[in-house]
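Participant: mind looking at a prediction? Sequence and model below.
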Amino acid sequence: MSFAFYLIICVFIVGYMCIALEHPLKVNKAATALFLCFILWTIFAFAGTGAMTPEFAAKIGSEDIHTFITEHILHHLGETGETVFFLLGAMTIVAVIDTWGAFRIITDKISATSKVSLLWILGTLAFFMSAVLDNLTTTIVMITLLNKLIANKDDRWFFAAMIVIAANAGGAWTPIGDVTTIMLWVGGKVSALNIMAMTLVPSLFSVLVPFAILSYTMRGGHVEVPIIIEDDNSPASRVSHSQRKLMLILGVGLLLCVPVFKSVTHLPPYIGILGALSILWITTEIFRPKARQNPNRAALKVSHILPKVDIDTILFFLGILMAVGVLQICGHLSMLASGLDQISLAEPGKYFLIDIIIGILSSIVDNVPLVAGTMGMYSFPMDHYFWEMLAYCAGTGGSILIIGSAAGIAAMSIEKIDFIWYVKRITWIAFVGYLAGALIYILQYNLIH
């Protein structure tokens with residue numbers, strides 16, 4: 001192997017470290033991912049076949065290397081664009097629902113002060129909301145709710161961590177609940193109904209086991225409720241209850257229809273999500289409150305809501321997925337797959353173990369490039385047990401450390417949760433839940449097969 005081949009590996013590892021250490025370094029991970037994409041493709045362009053394994057270089061034949069690189073950039077950009085546009089549409093729909101105050105229909109009904117009751121209420125909400133929305137958005141919404149329910153900082157940190165565990169688990173079992181599952185679904189590795197059927201029970205157990213343990217240790221505890229002063233000048237302050245209900249039902253309903261749309265039309269999911277966004281957008285234009293009823297009427301327009309969408313996350317996915325594309329073309333991922341295949345276990349045990357290892361790694365580094373890399377490493381058919389368990393492991397493994405998932409990073413940013421506090425208080429219980437769900441999947445697979 002040439003120097004360029006190993007240079008790409010070193011640059012990618014350094015970039016990975018910078019992404020994982022985003023907060024200490026104070027460099028946005030989207031900026032790092034985009035630069036990583038730029039530098040890796042540039043190295044590849046200068047090194048040419050020297051950056052590739054001999055087997056992959058031989059496949060080019062007499063084709064011009066720069067034409068080959070350009071064609072593969074366009075190919076990977078097309079695949080990445082499917083995920084990026086899907087996320088953009090889904091995140092915008094959720095931002096519209098939130099801005100119109102529709103989530104308050106759910107959150108205003110919570111009045112429990114018992115820690116055990118609150119644990120199960122918030123956990124259940126986070127689990128099922130993330131299955132429909134996504135784990136990142138659900139975490140943001142639920143942690144915003146915590147400020148209305150809990151006054152004590154330590155209690156808020158604890159419940160924020162529980163929301164992260166529940167949201168990651170809930171997002172893992174549906175094709176639209178977690179970006180890694182979205183990637184597997186859009187990439188044709190899993191089908192919507194099958195991934196839901198095969199990962200629901202393991203995902204449930206990854207929450208039920210730690211929550212059951214904590215319910216025993218927290219018996220009798222209560223939280224202090226803060227005094228809340230409502231803001232009468234917020235954009236949603238004068239939106240009627242019927243309009244909020246319309247936005248909630250329509251927005252969530254449209255998100256649920258996207259997998260159905262793909263199954264019926266066989267069109268890419270991003271076409272369905274863009275269509276859903278257009279329907280919701282037209283509806284908001286028609287039903288916006290009149291100016292005399294709401295001086296902040298303009299803030300309810302989708303054009304005003306769009307800047308609230310987390311574009312940093314969108315650009316991060318774009319950069320990191322395109323960067324992983326270089327590793328796939330040059331043969332790095334194929335070599336890694338060959339190394340993992342050396343594990344001396346019979347199938348399916350070997351691939352179960354590989355999935356579990358990938359899930360644990362996703363608590364240290366971002367699960368998006370891990371899954372993107374794994375998709376390039378293996379060529380199993382759609383709905384193979386490897387992809388099913390990967391969806392579970394990559395989705396829930398990130399809960400083991402707070403930096404291991406987008407939901408955890410969001411909670412860390414909003415509540416200023418300390419990394420060491422999370423390791424001491426939460427990591428062990430998240431790991432127990434993760435292993436419980438993995439064992440349930442293996443047991444379920446053996447019963448079915």
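Facilitator: It's in.

Participant: low-confidence ranges in the chain?
Facilitator: Scanning the chain with the threshold set as pLDDT under 70 gives 1, 220, 226-238, 289-297, 365-366.

Participant: tell me what the longest helix seen in it is packed against?
Facilitator: Using DSSP state H, we find that the single longest helix of the chain is helix 65-99. Helices and strands touching helix 65-99, by 3 or more CB pairs under 8 Å, 6 or more residues apart in numbering; DSSP states H and E, are helix 29-47, helix 135-149, helix 179-186, helix 241-265, helix 269-287, helix 302-305, helix 311-330. Using the backbone N, CA and C atoms, a C-beta is placed for each residue, glycine as well.

Participant: how about it: buried residues?
Facilitator: 65, 68-69, 72-73, 76, 79-80, 82-99 (16 or more other CB atoms under 10 Å).

Participant: pick the most deeply packed of the helices and strands packed on helix 65-99.
Facilitator: Of all the helices and strands packed on helix 65-99, helix 179-186 carries the top mean neighbour count, a mean of 26, counting by mean count of other CB atoms under 10 Å.

Participant: by contact count, what packs against that one?
Facilitator: helix 65-99, helix 153-172, helix 192-217, helix 269-287, helix 367-377, helix 385-397.

Participant: quick one: that helix to chain centroid distance?
Facilitator: Its chain's average C-alpha position is 9 Å from that of helix 179-186, according to CA atoms, centre = their mean, to the nearest Å.

Participant: equivalent analysis for stretch 313-332, please.
Facilitator: Centroid separation for stretch 313-332 versus its chain: 16 Å, with CA atoms, centre = their mean.

Participant: what do you get for stretch 300-312?
Facilitator: 19 Å.

Participant: sorry, back to before: out of the helices and strands packed on helix 65-99, which gets nearest to Thr53?
Facilitator: helix 311-330 (7.0 Å; CB to CB).

Participant: helices or strands next to the closest one in the packing?
Facilitator: If you count contacts as 3+ CB pairs under 8 Å, 6+ apart, helix 311-330 packs onto helix 3-20, helix 29-47, helix 65-99, helix 367-377.

Participant: which residues are contacting the second one?
Facilitator: Meaning helix 29-47. 2, 4-5, 7-8, 11-12, 15, 18-19, 22, 51, 66, 69, 73, 312-313, 315-320, 322-323, 326-327, 329-330, 366 (CB atoms under 8 Å, 6 or more residues apart in numbering).

Participant: circling back to that earlier point, how about CSV for the helices and strands packed on helix 311-330, with distance to Thr396 added?
Facilitator: Formatted as CSV, the helices and strands packed on helix 311-330 follow (distance: least, CB to CB, whole Å):
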stretch, distance to Thr396
helix 3-20, 18
helix 29-47, 21
helix 65-99, 20
helix 367-377, 10
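
Participant: so Ala192 is in contact with Pro175, correct?
Facilitator: Yes - the pair formed by Ala192 and Pro175 meets the contact definition of CB atoms under 8 Å, at 4.6 Å.

Participant: now list whatever residues contact both of the two.
Facilitator: 185, 259.

Participant: about what we covered before: nearest to Ser379, of the helices and strands packed on helix 65-99?
Facilitator: Across the helices and strands packed on helix 65-99, closest to Ser379 is helix 311-330 (CB to CB), at 11.8 Å.

Participant: mind telling me what element Leu122 is part of?
Facilitator: helix 115-132 (DSSP states H and E).

Participant: great, nothing more from me.
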